[in-house]
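**Student:** okay, structure incoming, though there's no sequence with it:
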């Protein structure tokens, strides 16, 4: 029995995922209505969070994965605070079949970055005068599926042209 390229499975090197670097690529926090926004509020603010993942090949086996998180808290139509964070990492991925590479980069890499991004956001919001914002865990598999479905729909729509 072979692994598809003629070598026995036990001779194939194991898959590797190494974090070479991780860093804050961009961070912005705004508290536009301070000090009025810091007064005790009667109701919980409406908080809107958007998350996106991008990846670039930066070497033969190296990928930069950027986790973008944007958020805004509003109360009574006024912005209490807003933030944007791009937290990235460079990952070296070896011995992974080509068909598994894209999901690995777009699911597992951001999953490794998320706890650090979550802490940066919590600290920035706390330092802005509010209770720390603890983001809920993210379903990166679901996010990946949504993005793949959206891309497939866009490709299909671009192929259907009215005559």
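**Tutor:** It's in. Here the structure is a predicted model, which is why all the values come from computation and not from measurement. Numbering: from 1, shown residues only.
**Student:** my guess is residue 135 contacts residue 47. True?
**Tutor:** No - under the criterion of C-beta atoms under 8 Å, residue 135 lies out of contact with residue 47, with a separation of 9.6 Å. Yep, even glycine has a C-beta here, placed from its N, CA and C like the rest.
**Student:** just the buried residues of the longest strand belonging to the chain, please?
**Tutor:** When the chain is scanned for its longest strand (criterion: DSSP state E), the result is strand 78-94. Applying a neighbour-count criterion of 16 or more other C-beta atoms under 10 Å, the buried positions in strand 78-94 are 80-91, 93.
**Student:** swap in stretch 124-138?
**Tutor:** Using 16+ other C-beta under 10 Å, the residues of stretch 124-138 that count as buried are 124, 125, 128, 130, 133, 135, 138.
**Student:** tell me the one among those nearest to residue 38.
**Tutor:** Within the set of those, residue 130 lies nearest residue 38; the separation is 7.6 Å, counting by C-beta to C-beta.
**Student:** these two touch, right, that closest one and residue 83?
**Tutor:** No - with contacts defined as C-beta under 8 Å, residue 130 does not count as touching residue 83, sitting 10.6 Å away.
**Student:** tell me, what residue is most central in this structure?
**Tutor:** Relative to the mean C-alpha position of the chain, the nearest C-alpha, by C-alpha atoms, centre = their mean, is the one of residue 67, at 3.0 Å.
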